[in-house]
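Asks: fold the following for me, if possible:
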Amino acid sequence: MKSVLTALALLAGAGASAAELPSVEHFMRHATYSSARISPNGEYLAMGVDRGGQDVLTVIRLKDMKLMKVNVLPDEKSVAGYQWIGDDRLIFTATRKVGSFVAPRGTGEWYAVNADGSQPRPVIFYGSRGAAERAKAVFNEFFSMVDPLVDDPRNVLMSSSSARSSTGSNTELVMVDTITGNRKTLASAPRENCSIQVDEKKAPRYAVCFDQKNEKGEYDTRTELYQYQGGKWSLVNNARMGGGKQLRVVGSAKDGTIYAVEDDGKAPAALGTIDRQTGQFQKMFQDPVSEVSGWVESPTDEKPLAVITEAGIPKIHVVEPNHPDTELYGSLAAAFPGQVVNFSSATRDGDMIVVSVYSDRNPGELYLYDRDSGKARFLMKAREWVNPENSASVRAFDFVNRDGMRIYGYLTIPKGSDGKNLPMIVNPHGGPMGPRDNWGYNPETQLFASRGYATLQVNFRGSGGFGKAFEDMAYGQWNTGIMHDIIDATRWAINEGVADPQRICIYGGSFGGYSAMMAPAVEQDLFKCAFGYVGMYDAQIQYRLSDTGDRADGRSYLDRAFGSTRAEQDAMSPINHVEKIDIPVFLAAGARDPRCPPEHTEKMYAALERAGNTPEGMIIQSGEMHGFYGVENRVNLYTQMLDFFKSHIGGKVEVGDAERTAGTN
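Replies: The predicted model follows:
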């Protein structure tokens, strides 16, 4: 096993530092694995491994932990969406990474390979090849996995979408032969812009279709649910039929139970079941504050045993108390107190289960549970060089903002600190609509904590996980309501005695970079320095040069998020408020960033310079995009960042019985 871990560590990054104070590289190295799936017969474990700008697929034989194969795609393409399609064969798709703050972009290509690396085959590809593989070539279709059909080692079910108009696409459910590439259409969607889902018999059963405009013509998402019976589609639900409530099917169990979420656009969505005959929704669980972020699925019949909510520290809510696998889950969870435990994947019969474990101090571990022996054996750590005993703790908090809303967030407190009067980094997340901060091990905040800084992260209005109404509050509120939430959270930390009011800086990436410039302009006496990373600073640049502004739905989103008039767009752009930013500033961007192009950073630098506040530094990193991937580039970024923080809010901080200087390397 040690040789496997060593090999995977070499794939993920360089060796760990033996220094008493962990190096910046210690935190910036990529994890050994990002995901793991056991083969249907339990012989192999497939893992996604992050090598920075490229993800690869590795396969390990479990009986002796032998590394069987590392699958690397050419042209710096990454492996994603991998699934077992038989006892010893995998299928996976290709993506290109756009930056650590945005999801990778699928290329549409699919490949299949055996566990030992033999019989590699392109299944779906674009362009021309030899006559023998002509059937696998596609043109304007885009394929995504629906079901790997693990009991059929040759075929898979995929969704094929092709453009029908500038705003719509046609979707078909197709069976794809992973050897020949031949495709057979099983059903076509009832209308444009749909996804098709199958039932326990792997037959087409539901379609969730969407529109990207609401009744006011604004950017928004509206869904319709259709059911397939007797070769015909029938409409089951839309907002008008459901009294404002929309249904979305999320899966099915082996006994035919259909699971769905019901969302009225106000409270967090409810999880429940749908009657196959009437379409009636039966609620199983709904939290008044937090959406269901995930669930614990039975490895034997695919029923959700418990659901997970994350207003603060993740909570597990049992929904199937009498299921035999619920008792098994409870006993495994009890073995790891204070940590989040889940079933990661399982064999076909459910007898061998890969169990994942993580916490705020533990970056993640995998165990293999065997029902026959009743024992779980350790497999590997996500970051074997991290000792959880030396990690900082993450506390959940909540407060009521100036508008009377309860807002939730997290505080990372340096190990050994009493959590009082600390220098603090305010770290707004990206988005702002949809993404959120979570409880768990965060290499960035752990780095700050190792240098004596507390880190405050707030799930301001617009953050995901608290319902659509809360998320929609972000529209038109970038420079007002959201900034107020960030500022109010900062003042809460001061009033609680956590933060030294004279030693607070703000730093963030993407929308967090925007916030790092806008919040000090809104509240000029609160922050002592600001670091903006791959940020959006000028609405006009975003319209003209970003990958959001180059498509119709993206421009519609920007109109609703920024405001449709030039006056509104100028008012929310930090570049037009540089005269109010009178604190030290540092800026960083990726030279190839398509989401927030580096012109944002360059023009923000120039505007601050004209206003008499020349930034103390600027990084325009070659080869990087929307968030840096390269370990060397990340180390350089955070080294300069720590030096910047140290020069403005560094100082003596108490860590247990010893003193050290915040920011020292």
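Asks: for residue 80, which non-adjacent residue is closest in space?
Replies: residue 95 (4.5 Å; CB to CB, 6 or more residues apart in numbering). For the C-beta atoms, the positions are set from N, CA and C on the backbone; glycine is no exception.
Asks: same question, residue 548
Replies: Excluding the flanking residues, the one nearest residue 548 by CB to CB, 6+ apart is residue 554, at 4.0 Å.
Asks: element containing the one you found, please.
Replies: Per DSSP states H and E, residue 554 falls inside helix 552-562.
Asks: how far is that helix from where the chain is centred?
Replies: Offset of helix 552-562 from its chain centre (CA atoms, centre = their mean, to the nearest Å): 22 Å.
Asks: quick one on the thing from earlier: given the helix or strand hosting the residue nearest to residue 80, what are its sheet partners and their directions?
Replies: Assigned by DSSP H and E, residue 95 belongs to strand 89-96. Sheet pairing of strand 89-96 (DSSP bridges) gives strand 78-84 (antiparallel), strand 105-114 (antiparallel).
Asks: between those strands, which one is nearest to residue 375?
Replies: When the strands paired with strand 89-96 are compared for distance to residue 375 using CB to CB, the nearest one is strand 78-84, at 23.9 Å.
Asks: quick one: buried residues of the closest one?
Replies: 78-80, 82-84 (16 or more other CB atoms under 10 Å).
Asks: ok, now which ones touch the nearest residue to residue 169 once chain neighbours are set aside?
Replies: In space, and not counting its chain neighbours, residue 169 is closest to residue 161: 4.6 Å by CB to CB, 6+ apart. Residue 161 makes contact with 141-144, 169-172 under the criterion CB atoms under 8 Å, 6 or more residues apart in numbering.
Asks: mind running it again at 10 Å?
Replies: 108, 140-144, 168-172, 189, 192-196 (CB atoms under 10 Å, 6 or more residues apart in numbering).
Asks: among these, which lie within strands?
Replies: Those of the contacts of residue 161 mapping onto strands are 108, 141-144, 169-172, 194-196, per DSSP state E.
Asks: show me which of these are buried.
Replies: Using 16+ other CB under 10 Å, the buried ones in the ones in strands among the contacts of residue 161 are 108, 141-143, 169-172, 194-196.
Asks: a markdown table for those, including pLDDT and distance to residue 619?
Replies: Shown next, in a markdown table, are those (pLDDT from 0 to 100; distance: CB to CB, whole Å):
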| residue | pLDDT | distance to residue 619 |
| --- | --- | --- |
| 108 | 87 | 33 |
| 141 | 86 | 40 |
| 142 | 89 | 35 |
| 143 | 92 | 38 |
| 169 | 75 | 39 |
| 170 | 90 | 44 |
| 171 | 94 | 43 |
| 172 | 95 | 46 |
| 194 | 94 | 43 |
| 195 | 95 | 40 |
| 196 | 96 | 45 |
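Asks: ok, residue 599 - how many residues close by?
Replies: 17 (other CB atoms under 10 Å).
Asks: and the pLDDT for residue 336?
Replies: The per-residue pLDDT reported for residue 336 equals 97.
Asks: which of the three states applies to the closest residue to it other than its chain neighbours?
Replies: Closest residue to residue 336 apart from its sequence neighbours, by CB to CB, 6+ apart: residue 357 at 5.1 Å. Per DSSP: H, G, I helix; E, B strand; the rest coil, the secondary structure class of residue 357 is strand.
Asks: now do the buried residues in the longest helix seen in the chain.
Replies: Longest among the helix segments of the chain by residue count, using DSSP state H, is helix 631-649. Residues of helix 631-649 classed as buried by neighbour count (16+ other CB under 10 Å): 631, 633-638, 640-646, 648-649.
Asks: wait, the residue nearest to residue 548 sits on residue 594?
Replies: No: assessed by CB atoms under 10 Å, residue 554 is found out of contact with residue 594, at 11.4 Å.
Asks: got any residues that touch both of those two?
Replies: Common neighbours of residue 554 and residue 594 (criterion: CB under 10 Å, 6+ apart): 546-548.
Asks: out of those residues, which are buried?
Replies: Neighbour counting by 16+ other CB under 10 Å classes 546-548 among the shared contacts of residue 554 and residue 594 as buried.
Asks: what is the nearest of those residues to residue 315?
Replies: Nearest to residue 315 among these: residue 548, at 34.4 Å, using CB to CB.
Asks: can you give me phi and psi for that closest one?
Replies: When quoted as degrees, to the nearest 10, the phi and psi of residue 548 stand at phi -80, psi -40.
Asks: same thing with residue 483?
Replies: Residue torsions, per degrees, to the nearest 10, at residue 483 are phi -60, psi -40.
Asks: determine the number of other residues adjacent to residue 384.
Replies: Residue 384, neighbours per other CB under 10 Å, totals 18.
Asks: quick revisit: quick check: the residue nearest to residue 80 touching residue 53?
Replies: No: the criterion here is CB under 10 Å, and residue 95 misses it with residue 53 at 11.5 Å.
Asks: my guess is residue 641 contacts residue 586. True?
Replies: Yes: Residue 641 is in contact with residue 586 according to CB under 10 Å; the separation is 7.0 Å.
Asks: give me the common contacts of those two.
Replies: Both residue 641 and residue 586 are contacted by 505, 507, 531, 533, 617, 619, under the criterion CB under 10 Å, 6+ apart.
Asks: any idea how far residue 581 is from residue 251?
Replies: 48 Å (CB to CB, to the nearest Å).
Asks: more neighbours: the two, which one.
Replies: Neighbour comparison, residue 251 and residue 581: the larger count goes to residue 581, with 24 against 15 (by other CB under 10 Å).
Asks: let me see the mean pLDDT of the one helix or strand residue 586 maps to.
Replies: Applying DSSP H and E as the criterion places residue 586 in strand 585-590. What strand 585-590 shows for mean pLDDT is 98.
Asks: where do the strands sit along the stretch 251-400 of the chain?
Replies: Taking DSSP state E, counting those that start in this stretch as the test, the strands found in the stretch 251-400 of the chain are 258-263, 270-274, 281-285, 292-297, 304-309, 315-318, 340-346, 352-358, 365-370, 375-381, 393-400.
Asks: nearest to residue 119, out of those?
Replies: Across the strands of the stretch 251-400 of the chain, closest to residue 119 is strand 340-346 (CB to CB), at 22.9 Å.
Asks: that closest one to strand 292-297, inter-axis angle?
Replies: Relative orientation of strand 340-346 with respect to strand 292-297: 60 degrees, computed using axes from the mean of the first three to the mean of the last three CA atoms, to 10 degrees.
Asks: by contact count, what packs against strand 340-346?
Replies: Here strand 340-346 touches strand 35-38, strand 44-50, strand 292-297, strand 304-309, strand 315-318, helix 324-334, strand 352-358, strand 365-370, going by 3 or more CB pairs under 10 Å, 6 or more residues apart in numbering; DSSP states H and E.
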